[in-house]
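Participant: I would like to see how this sequence folds:
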Amino acid sequence: HILVIPNSKISIYSRLWCVYEAYLGTTMEKVCLMPATPHARRQGYSCAKVLLVPFILGLLTSLLWRYAVYPKYGPHGVLKVTFS
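Facilitator: Below is the predicted model of the structure:
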């Protein structure tokens, strides 16, 4: 296999060495792979999943822990005293 990695500065077809390597690979019947640029929407969705999902799960877990597991304790584990 030959993996072609494009560069945002210059095209792979303008570099003679890259063109020659791709030519050699195809003449030797190798598989040439070139990764595609990700779509902006798909890339944004992936970033949102990676960043937001753990944040939301952590927030929900802390709220559940705070109000369901230890509801009578205030901040820093101090017993809350309420006067009516």
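Participant: need the distance between the two termini of stretch 24-44.
Facilitator: In stretch 24-44, first residue to last residue: 37 Å (CA to CA, to the nearest Å).
Participant: got a list of contacts for that stretch?
Facilitator: Here stretch 24-44 makes contact (CB atoms under 8 Å, 6 or more residues apart in numbering) with H1, I2, L3, V4, I5, P6, I12, A22, S46. Every residue, glycine included, has its C-beta placed from N, CA and C.
Participant: quick one: the strand or helix carrying the last one to chain centroid distance?
Facilitator: Right, S46. Element membership for S46, per DSSP states H and E: helix 40-64. Computed by CA atoms, centre = their mean, to the nearest Å, the chain-centroid distance of helix 40-64 equals 10 Å.
Participant: I'd like the mean pLDDT over it, please.
Facilitator: Mean pLDDT, helix 40-64: 83.
Participant: now list the buried members of the contacts of stretch 24-44.
Facilitator: A22 (16 or more other CB atoms under 10 Å).
Participant: in helices, which of the contacts of stretch 24-44 fall?
Facilitator: A22, S46 (DSSP state H).
Participant: got TSV for the contacts of stretch 24-44, with distance to H39 too?
Facilitator: Below are those laid out as TSV (distance: CB to CB, whole Å):
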residue	distance to H39
H1	25
I2	25
L3	21
V4	20
I5	19
P6	16
I12	21
A22	25
S46	10
